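> take a look and give me a structure for this.
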Amino acid sequence: MKRIGFLSFGHYQAVPGSQVRTAADSLLQTIELAVAAEELGLDGAYVRVHHFARQLASPFPLLAAMGARTSTIELGTAVIDMRYENPLYMAEDAAAADLISAHSGSGGRLQLGLSRGSPETALNGYENFGYVPAEGRTDADDARTKTEVFRAAIAGAGVARAARGPGILAIEPQAPGLAERIWWGSGTRATAQWTGEQGMNLMSSTLLTEDTGVPFDELQAEQIAIYREAYAAAGHEREPRVSVSRSIIPLTSEEDWAYFGRERTSEDQVGYLDGGLARFGKSYVGEPDQLAKDLANDAAVQAADTVLVTVPNQLGVEYNARLLKSIVDLGIQGW
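Have a look, this model is predicted:
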């Protein structure tokens, strides 16, 4: 069975047509959409984290609130930019949010996607948070080091010497199983291989920061295969998980056609990003029967166990709940 969840960037802006005009609107509507998604039978509610932008920035208070209002749905990030994070403070926040999500007795539900981050609106914004790479190191180096510290901390490793008497103290609280629910957002085959070697789950979005000329889904499927091979070769025993993101809009109403009908001919796009070629995956927009066929032929969707559907959150909870119902009706979870 394939899991399906939504992914919200949490955009908010007071512009004509937006149902999400303030940061408060964005936060509260994200909680309400998670509740609606659980009622519809979706498996996951995920948020994207961006800084210095009118989007969702600090995920753990939001995840804790989502966890308190829901009972079974997975709650995650896709992804947290580790360049901005204090890994030990983050470990405390993550464990607390995970424990709150376990209130129904089903165990912790956080699925945390991490990464080096994507291009931001601020120039080297992480430096304004106090994180300046040392001479000879890059921001990517720091992101990976922080991830290592974070993963050790949530696994119970000692990180501080006791003030009185011998011993090394771990952070508190600890959330059982959280260390196995960490994902890395990968944009290339090389980072997918590294992710497998590290024993993390793999997240791959609608953007790959490399291009070989093959269709997006085939390149992403190759990335997934490399990840699985590296994971197995490293000897990790836990069954790995893989998610891919897709923009999916079944056209089932006049409102859908008005908003998205012109995107039915969407195709992959290739452009330059951060000085190199990148491939952007197409959107899936069309009649439900045709979308089901198209997604069944998407090599990466078939290779993944989880599909995260990006939602147009500024259209509001009611519209997005209807959209998610249409996506559930495609039958992806039964594949």
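
> all helices for the stretch 1-150 of the chain, in order.
Applying DSSP state H, counting those that start in this stretch to the stretch 1-150 of the chain gives helices spanning 23-40, 59-69, 87-101, 125-128, 139-154.

> now the ones you listed as JSON lines including mean pLDDT and mean neighbour count?
Placement of C-beta: from N, CA and C, glycine included. As requested, these are exported to JSON lines (pLDDT from 0 to 100; neighbours: other Cβ atoms under 10 Å):
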{"stretch": "helix 23-40", "mean pLDDT": "98", "mean neighbour count": "19"}
{"stretch": "helix 59-69", "mean pLDDT": "98", "mean neighbour count": "21"}
{"stretch": "helix 87-101", "mean pLDDT": "98", "mean neighbour count": "22"}
{"stretch": "helix 125-128", "mean pLDDT": "97", "mean neighbour count": "16"}
{"stretch": "helix 139-154", "mean pLDDT": "98", "mean neighbour count": "19"}
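
> and the longest strand for the chain?
With DSSP state E setting the assignment, residue counts place strand 74-81 as the longest strand in the chain.

> in JSON lines: the helices of the stretch 1-150 of the chain, plus distance to D289.
Listed next are the helices of the stretch 1-150 of the chain as JSON lines, based on distance: least, Cβ to Cβ, whole Å:
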{"stretch": "helix 23-40", "distance to D289": "20"}
{"stretch": "helix 59-69", "distance to D289": "33"}
{"stretch": "helix 87-101", "distance to D289": "36"}
{"stretch": "helix 125-128", "distance to D289": "44"}
{"stretch": "helix 139-154", "distance to D289": "42"}
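
> out of those helices, which comes closest to A179?
Closest to A179 of the helices of the stretch 1-150 of the chain, according to Cβ to Cβ: helix 139-154, at 5.0 Å.

> helix 87-101 and the closest one, what's the angle between them?
Computed by axes from the mean of the first three to the mean of the last three Cα atoms, to 10 degrees, the angle separating helix 139-154 from helix 87-101 equals 50 degrees.

> by contact count, what packs against whichever helix or strand comes after helix 139-154?
Following the chain from helix 139-154 toward its C-terminal end, the next helix or strand by DSSP states H and E is strand 160-161. Based on contacts counted as 3 or more Cβ pairs under 8 Å, 6 or more residues apart in numbering; DSSP states H and E, the elements that strand 160-161 packs against are strand 168-169.

> the strand it packs on: partners in the sheet, and parallel or antiparallel?
Strand pairing for strand 168-169, using DSSP bridges, gives strand 160-161 (antiparallel).

> and the strand it pairs with, how far out from the chain's middle?
The gap between the average C-alpha position of strand 160-161 and the chain average comes to 32 Å, counting by Cα atoms, centre = their mean, to the nearest Å.

> and the most centrally placed residue in the chain, how far is that from A175?
Against the mean C-alpha coordinate of the chain, by Cα atoms, centre = their mean, the closest residue is A78 at 1.6 Å. Shown here: A78 relative to A175, a distance of 19 Å by Cβ to Cβ, to the nearest Å.

> got it, and S253?
S253 sits 41 Å away from A175 when distances are taken as Cβ to Cβ.

> and for I31?
The span separating I31 from A175 equals 20 Å under the rule Cβ to Cβ.

> got phi/psi on the nearest residue to I248 once chain neighbours are set aside?
Nearest non-adjacent residue to I248, counting by Cβ to Cβ, 6 or more residues apart in numbering: Y284, 4.6 Å away. Phi and psi for Y284, reported as degrees, to the nearest 10, are phi -100, psi 100.

> tell me the contacts of Y284?
For Y284, the contacting residues are 246-249, 266, 291, 294-295, by Cβ atoms under 8 Å, 6 or more residues apart in numbering.

> which pLDDT value belongs to it?
At Y284, the pLDDT value in this model is 97.

> neighbours around A299, how many?
As a burial measure, the neighbour count of A299 was computed by other Cβ atoms under 10 Å and equals 18.

> thought it was touching Q220?
Yes - proximity of A299 to Q220 meets the contact threshold set by Cβ atoms under 8 Å, at 7.5 Å.

> just to revisit the earlier point, more neighbours, S253 and A175?
Set side by side, S253 and A175 show unequal neighbour counts under other Cβ under 10 Å, the larger going to A175 at 21 against 13.

> enumerate every residue touching that one.
Contacts were defined as Cβ under 8 Å, 6+ apart; by that measure A175 touches 94-96, 98-99, 102, 108, 110, 154.

> could you identify the most distant pair in those residues?
Within the contacts of A175, A102 and I154 form the most distant pair, 14.4 Å apart (Cβ to Cβ).

> now L62: closest residue in space that isn't a chain neighbour?
Closest residue to L62 in three dimensions, ignoring its sequence neighbours and counting by Cβ to Cβ, 6+ apart: L27, at 5.8 Å.
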